[in-house]
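**Q** Build me a model:
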Amino acid sequence: MTPSRQHRRASVLVIVMVTLLFTAFALILFVEQASTDLLVEARAATAHRLRREAYSALEATLATLEEFRRADSGLHGPAEGWADPLAFAGWQPREGCTAEVALEDESGKLPLSRVDNGTLVSLFKSWDFNQADAERLADALLGWMRRDYVPSSGRSPDYDLGELPFEAPQRPIRSWTELAAIDYVRDIFYDEQGRPNDLYRRFTAAFSLYDYDQFNVNTASTDVLTAVGFSDPTQHGRLHDFLTGTGGYTAQGPGWLTSSSQAAGVLGTGAMPNLAGTQVRALRVTVTIHEGKSEFRLAAVVAPNGGAKIVKTTATDTREPTSAQGTAATGATAAARTATANAATPAAATAAAGGTKPQLNYPFTLLEIRENGEIPPPPPTSSPTPPPA
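**A** Alright, predicted model coming up:
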């Protein structure tokens, strides 16, 4: 065989090997991409499957709660028997899955949009703040949330003079992240690295961002009771014994308060404050579905009829019309827009046609619902920040 033919055969062999190498490389990439796509699809299918189970568990939970609400003329406390709603209903997920339901009475907290300066100052003083610092902290919060608020401490933050000027919204707080923007509050509730501290966790555990007329004494914490004037530890002890069926109430067993007069008797006071009640106004329901190593979480806040509502805040234009004509024009425009919007809704169209809109008599109002990654994690643990000396 001549050298030229050997060189040609060698060249062909090299080309074939290179082609095989690139083919193998492309095949490996294809298999990896296909594996990733299949894994994504498998996870999506699993999440969709578990999602159905989670919503089924939520509906079973709400059905159980509605049974107790009707039987007892309202929900009062878990001692009524609704602490494990799925077991009571006899509901089970499909084979291979397990379900867990956690209930937290959101209305066991104080509605932040309704508290006054005295309530905040009383709570902060129980946290070992002195009078001046307690008033300053309360003023900072209320000045952020309320229009025309006059601070009792005489201090009013100048947000417009900061490095990034802005104005206080003067409406109820919508998210706890707003605390980081409030002057002096961020110094108390956050550490040097800007992370929420123990005082932040204590504050958010005592207050709710939802609006309701009364908190539930049955599930209130000692901080909540202290804030409304029940700071005596013996009062806390009597209430705990009554609810758990211990101490002087051992023969009675776990109980729940159903009226303000009953609550006043247990706490040993003449009358309860107007902000104190004995019914659940908002309930946080967390459903977790497990299937092997897969998990789906569903968190919802629900309110019974007449219960909590989302705090409504309306953005208003503070500019005044320059003339009566301008005022009339503005009113006419707003009326026209309202009429147009109403006419575009199915309910208005049905009413205009002489029909009636079907009503869904659902026993709960859904205030919030989140799934998996949308559920905010608890604040990171950090060292507590002591109150100012």
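**Q** quick one, strands of the stretch 51-200 of the chain?
**A** 98-105, 110-111 (DSSP state E, counting those that start in this stretch).
**Q** Reformat the ones you listed as JSON lines; add mean pLDDT.
**A** Listed next are the strands of the stretch 51-200 of the chain as JSON lines, based on pLDDT from 0 to 100:
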{"stretch": "strand 98-105", "mean pLDDT": "96"}
{"stretch": "strand 110-111", "mean pLDDT": "97"}
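**Q** Let me have the ones you listed in TSV, adding mean neighbour count and distance to Arg284 as columns.
**A** (Glycine included, C-beta is placed from N, CA and C.) As requested, those are exported to TSV (neighbours: other C-beta atoms under 10 Å; distance: least, C-beta to C-beta, whole Å):
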stretch	mean neighbour count	distance to Arg284
strand 98-105	16	4
strand 110-111	24	14
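**Q** Among those strands, which comes closest to Thr288?
**A** strand 98-105 (4.5 Å; C-beta to C-beta).
**Q** And the contacts of that closest one?
**A** Identification of contacts with strand 98-105 by C-beta atoms under 8 Å, 6 or more residues apart in numbering yields 53-54, 57, 61, 77-78, 82-86, 91-93, 216, 218-219, 280, 282-291.
**Q** Return the residues in contact with Ser259.
**A** Applying C-beta under 8 Å, 6+ apart to Ser259 gives the contacts Thr278.
**Q** Next one: it relative to Ala99, how far apart?
**A** As for Ser259, its distance to Ala99 is 35 Å (criterion: C-beta to C-beta, to the nearest Å).
**Q** circling back: buried among the contacts of strand 98-105? Make that a ChimeraX selection.
**A** Filtering those down to the buried ones (16 or more other C-beta atoms under 10 Å) takes a single ChimeraX command:
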select :53,54,57,61,77,78,82,85,86,91,93,216,218,219,280,282,283,284,285,286,287,288,289,290,291
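**Q** Can you classify Val302 as helix, strand or coil?
**A** Remark: Val302 carries the secondary structure label strand [criterion: DSSP: H, G, I helix; E, B strand; the rest coil].
**Q** Need the distance between the two termini of stretch 105-120.
**A** End-to-end distance of stretch 105-120 (C-alpha to C-alpha, to the nearest Å): 21 Å.
**Q** Give the buried residues for that stretch.
**A** Residues of stretch 105-120 classed as buried by neighbour count (16+ other C-beta under 10 Å): 105-115, 117, 119-120.
**Q** Among those residues, list the two that are farthest apart in space.
**A** Farthest pair in these (C-beta to C-beta) is Asp105 and Asn117. Separation: 25.9 Å.
**Q** Helices of the stretch 151-300 of the chain, residue ranges please.
**A** 185-189, 198-206, 222-227, 233-244, 260-267 (DSSP state H, counting those that start in this stretch).
**Q** Would you format these as a markdown table with distance to Leu142 and mean pLDDT included?
**A** Converted to a markdown table, the helices of the stretch 151-300 of the chain look like this (distance: least, C-beta to C-beta, whole Å; pLDDT from 0 to 100):
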| stretch | distance to Leu142 | mean pLDDT |
| --- | --- | --- |
| helix 185-189 | 11 | 95 |
| helix 198-206 | 14 | 96 |
| helix 222-227 | 14 | 96 |
| helix 233-244 | 27 | 95 |
| helix 260-267 | 27 | 94 |
